[in-house]
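Peer 1: coords please:
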Amino acid sequence: MNEDQFRESPLLTVRAHEVAGVVVVVVEGEIDVDTADIVLDALKLGFESDRPAVVADLTKVSFFGSTGISSLITAHELAEEHSTKFHVVAPHRAVKRPLQVTGVADVLALYDSVDEALSALKPVPSE
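Peer 2: You can find the predicted model right below:
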């Protein structure tokens, strides 16, 4: 997968690229009712790419509304349908706190960095 840039809005930029066979969707800006579909569309393409995992990098998200939470729940369900692992990078309070308060953080695999999410996807060698 080459780097793809998706439909933009003045409030949001979404790019996807591949790192070590994993689709990483990088989101920058505000995820709200007007922009959540852009994010979900990019994640859907990642799940349909036949890669073993998709990482949503929300490090540069400055606003995360209830529609964003709903989008991540939908993405989690799509990942299960495609037998794809789905990890979310959410190191900042703007995203992490709403996920914790709603209990969605208990369902998603949350990480503080893309490197941490990618490391969690590597198989652990057996002894």
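Peer 1: Please count neighbours and contacts with C-alpha atoms only from this point.
Peer 2: Fine.
Peer 1: Give me the pLDDT for the residue nearest to residue 111 when sequence neighbours are not counted.
Peer 2: Residue nearest to residue 111 in three dimensions, not counting chain neighbours: residue 89, with 4.7 Å by Cα to Cα, 6 or more residues apart in numbering. With respect to pLDDT, residue 89 scores 98.
Peer 1: Would you check that residue 89 makes contact with residue 110?
Peer 2: Yes. Contact criterion Cα atoms under 8 Å: residue 89 and residue 110 qualify, at 5.8 Å.
Peer 1: Now for these two: what residues contact both?
Peer 2: Here residue 89 and residue 110 share the contacting residues residue 117, scored by Cα atoms under 8 Å, 6 or more residues apart in numbering.
Peer 1: Mind listing the strands the longest strand seen in the chain pairs with, and their directions?
Peer 2: If you go by DSSP state E, the chain has its longest strand at strand 53-64. In the sheet, strand 53-64 lines up against strand 22-31 (parallel), strand 85-89 (parallel) (DSSP bridges).
Peer 1: Tell me which helix or strand comes right after that strand.
Peer 2: helix 66-81 (DSSP states H and E).
Peer 1: what about residue 81, neighbour count?
Peer 2: Look at residue 81: counted by other Cα atoms under 10 Å, it has 10 neighbours.
Peer 1: Not counting sequence-adjacent ones, nearest residue to residue 64?
Peer 2: Per Cα to Cα, 6+ apart, closest to residue 64 is residue 31, 5.0 Å.
Peer 1: what's the residue closest to the geometric middle of this protein?
Peer 2: residue 56 (1.8 Å; Cα atoms, centre = their mean).
Peer 1: Settle this for me: that one is touching residue 25, isn't it.
Peer 2: Yes. If you go by Cα under 8 Å, residue 56 and residue 25 touch, sitting 4.9 Å apart.
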